[in-house]
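K.L.:
this one's structure only:
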Ligand code: PMP
């Protein structure tokens, strides 16, 4: 029996079929074939209870938050703040005031780059990112550096897609103001040693932002243990609605930061001459937030916590190992990103077929994967490709679906050979 077959016998720590039944979208057929959804790094599907929570809130409980003193509004405000508490609990933040709701990771990083940058970055300072960042954790820092005359430094990666820590140490200096790296790379799946990265940055006197867009759906996060200054997340990647996500920030750091977006809700007092700003988190939440989506996010947090992030990580690791094995057996396919510590992301390149063609052919078999540069062009440049095909698994995926992926890839290669 090939070794890959023996791996199917790994017993998931929960009933995967039962979990799949929670996700209405997964039961459909695409081009007459059962949908195999393997684009979870782009966005995850929603369990029925998240969909239902938003519907029920909108039909029975909807009201604006933080403004009205009538029952609907007071109730909505209470529920909104309860979700803030849930998110704080999920990441083990010391206080719910350290959680700021944003539209997602992109806005959270822009908030820090703009606000922290405005107050604390000056000409000649340095910002460190890595060579395997999403554009959302690249462009805001480039813009800041341009505005301030600061310099962007980049931690290189080895051929497996792991940060070269010796090079990182050399980049750190008294000029470093911020180190901003992802916890998990969306293009390669690398899990970065963020605790060590944070410790070294703090020794140099720099602050640290961790882009958690890809880690929060898969790993248990403890921001106090990591000791980072900022940590970001996106609701739509953790089984919640799109349009909502957020930023964890250490309260002492947030308190010293100026507002990013200004307007209603972020003030203490406004006169025509001068405005006094509210304390965090309100200071960073100007305008009416994504109220209904926040309710859905709260339900998603409950859902993943009830399954258990330890169990999720354990099962997804088994999927990663199995997927790596079945794809590695295919001639002409190269997996890009082979770090020792990886999340369940399989990026690969096939010499004879462009990733866009792979995606189209796989779609004919009902398989949804992503082809492209994954908003990580510097990563693609590092590995000498313009694009990859990326399959990203979640705890609702099954070993059989990875077999289906491999079989479909083989068919695609045959067509092009
Ligand atoms: N960082 C990483 C690592 C990501 O994978 C993504 C989404 N692909 C983002 C940032 C941006 O997240 P969002 O689009 O939810 O703002």
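P.N.:
Arrived safely. Every value quoted in this text rests on a predicted model; they were computed, and no experiment measured them.

K.L.:
got the contact list for residue 394?
P.N.:
Applying Cβ atoms under 8 Å, 6 or more residues apart in numbering to residue 394 gives the contacts 37, 40, 44, 45, 217, 316, 344. Any C-beta I mention is one placed from the backbone N, CA and C, and that applies to glycine too.

K.L.:
up against the ligand, what does the stretch 251-400 of the chain have?
P.N.:
residue 375 (Cβ under 6 Å from any ligand atom).

K.L.:
check what pLDDT residue 67 gets.
P.N.:
Among the per-residue scores, residue 67 holds a pLDDT of 79.

K.L.:
kindly report the same for residue 416.
P.N.:
With respect to pLDDT, residue 416 has a value of 89.

K.L.:
in the stretch 251-400 of the chain, what residue comes closest to the ligand?
P.N.:
Of all residues in the stretch 251-400 of the chain, residue 375 sits closest to the ligand, at 5.8 Å by Cβ to the nearest ligand atom.

K.L.:
roughly how far apart are that residue and residue 170?
P.N.:
Residue 375 sits 28 Å away from residue 170, going by Cβ to Cβ, to the nearest Å.

K.L.:
before we move on, what about residue 326?
P.N.:
Distance, residue 326 to residue 170, by Cβ to Cβ: 39 Å.

K.L.:
that older thread, mind listing what the residue of the stretch 251-400 of the chain closest to the ligand touches?
P.N.:
With Cβ under 8 Å, 6+ apart, residue 375 has these contacts: 134, 135, 136, 186.

K.L.:
go again using 6 Å as the cut-off
P.N.:
Going by Cβ atoms under 6 Å, 6 or more residues apart in numbering, residue 375 touches 134, 135.

K.L.:
for it, helix, strand, or coil?
P.N.:
Applying DSSP: H, G, I helix; E, B strand; the rest coil to residue 375 yields a three-state assignment of coil.

K.L.:
so for residue 326 and residue 170, which sits in the more crowded spot?
P.N.:
Neighbour count, other Cβ atoms under 10 Å: between residue 326 and residue 170, residue 326 has more, with 24 against 11.

K.L.:
the more buried one is in contact with residue 407, isn't it?
P.N.:
No - contact criterion Cβ atoms under 6 Å: residue 326 and residue 407 do not qualify, at 9.0 Å.

K.L.:
quick revisit: out of the contacts of residue 394, which is most surrounded?
P.N.:
residue 344 (30 neighbours).

K.L.:
from memory that residue sits against residue 316, does it?
P.N.:
Yes - applying Cβ under 6 Å, one finds residue 344 in contact with residue 316, separated by 4.2 Å.
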